[in-house]
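Chemist: the following comprises the amino acid sequence and a computationally predicted model.
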Amino acid sequence: MSRAPLALLRRVPYFAGLPDAILTALSAVAIERSYRRGEMIFLEGEPCAGLYVVAAGEIKIFKLSPQGREQILHRLGVGGTFNDVAVLDGGPNPASAGAVSDASCLVIVRSDMRRLAETHPQLAWALIESIAHRARILVGMVEDLALRPVKARLAKLLLAEAVQAAASQDAGDDAIDRSQMVTQADMAARLGTVREMVGRALRELSEDGLIAMDRHRIVIQDREGLVAVAEGS
Amino acid sequence: MNPRMLPEINEALCTGCGECVSVCVPHALALTAGKAVMARPDLCAYGGSCEPICPVGAIQLPYQVLFDPHPAVSERGRA
Ligand code: SF4
């Protein structure tokens, strides 16, 4: 039905470099469980069910919205792991898991994982690395989320500046007036953020083709697009 | 027509660490008497790498924000 546990564990990225002796110890404590297509594996918020490694089939990790709508976070195939965080901190399952197809998983419960990590420092280190890797991904996600409102407010500011510049140009004033120019620090102060965020937001707006940085000019190339960003859509 | 815009260096803030000079690709910046100066304004490409590297925010690039005066032909409007 499923692959030999040792070969399977070696497919888990953070177990891959471990010596056979440790993988054998892990597979000795791993419990194999089978699920039918559509069956629930565990529910979010329930006590930690252990570390799961997909041995066969496909698994989905999901959350339910307050309206009861299922939001799939990821789908996992053979060699994929889930509940990695809960097995280490002993907290509740952070999301629900269900079988998309007939599937089976190897489950390593927290107490076994802990005992093995205590006797095999290499395993402990592998787990630390996996958590550090995850933390790095999360930091990137948090930064993206933090940038979104800055981008919207910056878009609004740029539109307002351009409207003002257009007005003074219509008044026949063609020369550039330093008092009508803004630095990234000015923009940051006006938006209540730091210059780094303004720099990143400008870069993203220009990557999206909404503005173009042309020497000392920030040229709004897609006014409607920028309005959409300003309105948070 | 317009005078060439250049990064502004706040001499009072500048500590003369030289970070901006080392990242300035066209070598427009230099250190003189312990301060960053725009030694070759003709070379400055307004690339902006000096601004984020400065640990004290002494060098800044002012921008003029404007609507595209020559919008792409595909855009509607403009009789
Ligand atoms: S990086 Fe800033 S403090 Fe250092 S020399 Fe340049 S302007 Fe001065």
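Modeler: That came through, no problem.

Chemist: tell me which strands and helices the helix ranked longest in chain A is in contact with?
Modeler: Among the segments of chain A that qualify as a helix by DSSP state H, the longest is helix A:121-170. In terms of contacts (3 or more CB pairs under 8 Å, 6 or more residues apart in numbering or on different chains; DSSP states H and E), helix A:121-170 is packed against helix A:20-29, helix A:84-89, helix A:110-119, helix A:184-191, helix A:195-207, strand A:217-220, helix A:223-230, strand B:64-67. Backbone N, C-alpha and C define where each C-beta goes, glycine included.

Chemist: mind putting these in TSV, distance to the ligand included?
Modeler: Shown next, in TSV, are the helices and strands packed on helix A:121-170 (distance: least, CB to the nearest ligand atom, whole Å):
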stretch	distance to the ligand
helix A:20-29	50
helix A:84-89	41
helix A:110-119	46
helix A:184-191	13
helix A:195-207	13
strand A:217-220	22
helix A:223-230	31
strand B:64-67	22
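
Chemist: which one is A:Ile131 nearest to, not counting chain neighbours?
Modeler: The spatially closest residue to A:Ile131, leaving aside those adjacent along the chain, is A:Leu88, at 6.7 Å (CB to CB, 6 or more residues apart in numbering or on different chains).

Chemist: mind listing the strands for chain B?
Modeler: With DSSP state E as the criterion, chain B has strands at B:8-9, B:29-32, B:35-38, B:59-60, B:64-67.

Chemist: before we move on, the earlier item: what number of residues lie near the residue nearest to A:Ile131?
Modeler: 18 (other CB atoms under 10 Å in any protein chain shown).

Chemist: then the one 5 residues further on?
Modeler: Here the number of neighbours of A:Asn93 (other CB under 10 Å) works out to 23.

Chemist: one more: A:Glu46?
Modeler: If you count neighbours by other CB under 10 Å, A:Glu46 ends up with 11.

Chemist: show me what contacts it?
Modeler: Neighbouring residues of A:Glu46 by CB atoms under 8 Å, 6 or more residues apart in numbering or on different chains: A:92-93.

Chemist: specify the local secondary structure of it.
Modeler: coil (DSSP: H, G, I helix; E, B strand; the rest coil).

Chemist: likewise for the one 3 residues further on?
Modeler: Secondary structure of A:Ala49, reduced to three states by three-state DSSP: coil.

Chemist: can you check what angle separates the longest helix of chain A from helix A:195-207?
Modeler: Counting by axes from the mean of the first three to the mean of the last three CA atoms, to 10 degrees, helix A:121-170 lies at 70 degrees to helix A:195-207.

Chemist: give me the angle between helix A:121-170 and helix A:223-230.
Modeler: 130 degrees.

Chemist: and helix A:121-170, how far from the chain's centre?
Modeler: Distance, stretch centre to chain centre, for helix A:121-170: 12 Å (CA atoms, centre = their mean, to the nearest Å).

Chemist: nearest residue to B:Val56 in space, please, no chain neighbours.
Modeler: Closest to B:Val56 by CB to CB, 6+ apart is B:Leu13, at 5.0 Å.

Chemist: do A:Gly38 as well
Modeler: Of all residues not flanking A:Gly38 in the chain, A:Ala99 sits nearest, at 6.6 Å (CB to CB, 6+ apart).

Chemist: can you tell me which residues contact the one you found?
Modeler: A:35-41, A:57-60.

Chemist: these in strands, which ones?
Modeler: Counting by DSSP E, the contacts of A:Ala99 place A:35, A:40-41, A:59-60 in strands.

Chemist: where does chain A have low pLDDT?
Modeler: Low-confidence regions of chain A, defined by pLDDT under 70, span residues A:1-3, A:172-176, A:233.

Chemist: rerun at 50
Modeler: A:1-2 (pLDDT under 50).

Chemist: burial of the closest residue in space to B:Cys24 that isn't next to it in sequence, as a residue count?
Modeler: Nearest residue to B:Cys24 in three dimensions, chain neighbours excluded: B:Cys50, at 5.7 Å (CB to CB, 6+ apart). Taking other CB under 10 Å as the criterion, the count of residues near B:Cys50 is 26.

Chemist: so which residue is smack in the middle of chain A?
Modeler: In chain A, the residue lying closest to the centroid (CA atoms, centre = their mean) is A:Met141, at 4.4 Å.

Chemist: residues in contact with that residue?
Modeler: With CB under 8 Å, 6+ apart as the criterion, no residue contacts A:Met141.

Chemist: and the helices and strands packed on helix A:121-170 as CSV, adding distance to A:Arg134?
Modeler: Output for these, formatted as CSV (distance: least, CB to CB, whole Å):
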stretch, distance to A:Arg134
helix A:20-29, 19
helix A:84-89, 7
helix A:110-119, 16
helix A:184-191, 30
helix A:195-207, 23
strand A:217-220, 37
helix A:223-230, 30
strand B:64-67, 40
